[in-house]
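*Asks:* model the following, please.
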Amino acid sequence: MGASKKDSAGQLESREYNPAAESTAFEADQSVGRIREIIFGEQMRAYEARFDALEKKVQERAETVLSNLVERMSELEASIRSELKMLTSNLKKTNKANTEALEQSKSELQNALADAVKQLSSEKTDRSALAALLNEMAEKLSGTKE
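*Replies:* Numbers count the residues shown, from 1 in each chain. The predicted model follows:
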C-alpha cells in the first residue's frame, strides 16, 4: 500500500512500499545493535552482574531484618505478658490488703460508735440520777421552808 504526500509544488507524490528499504533499515538497526554490543557489551554485563549481586544482598538483608523484627516482636510480646501478669498479681494483692484494711477500719469505727452510744447512755442515766437527786433536794428544801 502506498503513502501519499504533497511535494513542494502542491502535487501529490506517491510512495510505494519498498521491502528492500525496510530490509536495509532492519539491517542497519542490527548493525547498530552489534556495534553497541561490541563497545558496551562487557560493561553492560558487568553492570548486570553488579545489579544482580546488589539485589541479592538487599534481599538477604531484608530477610534478616524481617527475621530480627519478628524475633524482637515475640520477645516484646512475652515481656509485656510477663509484666502484665506481675502487675495483675500486684493489683490483686493491693486490692486484698486495701479490702482488709477497710474491713479493719469498719470494725474499729463500729466498736467506737458502740462505745460512744454506751457512754452517752450512761451519761444520760447519770443525768437522770442527778435530776432525781436535785428534785429530792428541792422537795426537802421546800419541805423545810413550810
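
*Asks:* Provide the secondary structure category for Lys85.
*Replies:* With DSSP: H, G, I helix; E, B strand; the rest coil as the basis, Lys85 sits in helix.

*Asks:* can you report how many residues neighbour it?
*Replies:* Each residue near Lys85 was counted by other CB atoms under 10 Å, and the total is 10. The way it works is simple: take the backbone N, C-alpha and C, and place the C-beta from them, glycine included.

*Asks:* one more: the one 10 residues further on?
*Replies:* Residues within reach of Asn95, counting by other CB under 10 Å, total 10.

*Asks:* what of the one 3 residues further on?
*Replies:* A count of nearby residues for Asn98, using other CB under 10 Å, gives 10.

*Asks:* also Arg36?
*Replies:* Count around Arg36 with other CB under 10 Å applied: 11.

*Asks:* distance of Met94 relative to Leu133?
*Replies:* Just so we're on the same page, residue 94 is Thr rather than Met. Going from Thr94 to Leu133 by CB to CB, to the nearest Å gives 57 Å.

*Asks:* correction: Thr24
*Replies:* Thr24 is 148 Å from Leu133, by CB to CB.

*Asks:* repeat for Val32
*Replies:* Applying CB to CB to Val32 and Leu133 gives a distance of 139 Å.

*Asks:* what's the spacing between stretch 134-143 and its chain's center?
*Replies:* Mean-position distance between stretch 134-143 and its chain equals 88 Å (CA atoms, centre = their mean, to the nearest Å).

*Asks:* Asp115 is in what secondary structure piece?
*Replies:* Using DSSP states H and E, the element containing Asp115 is helix 19-145.

*Asks:* hey, which helix or strand in the protein has the poorest pLDDT?
*Replies:* strand 3-6 (a mean of 53; mean pLDDT, DSSP states H and E).

*Asks:* from the chain's centroid, how far away is the helix holding Asp115?
*Replies:* 10 Å.

*Asks:* packing partners of it?
*Replies:* For helix 19-145, not one helix or strand is in contact under the criterion 3 or more CB pairs under 8 Å, 6 or more residues apart in numbering; DSSP states H and E.

*Asks:* avg pLDDT for it?
*Replies:* Helix 19-145 shows a mean pLDDT of 88.

*Asks:* let's number from 591 now, not from 1
*Replies:* All set: I'll call the first residue 591, so the last point we hit is now helix 609-735.
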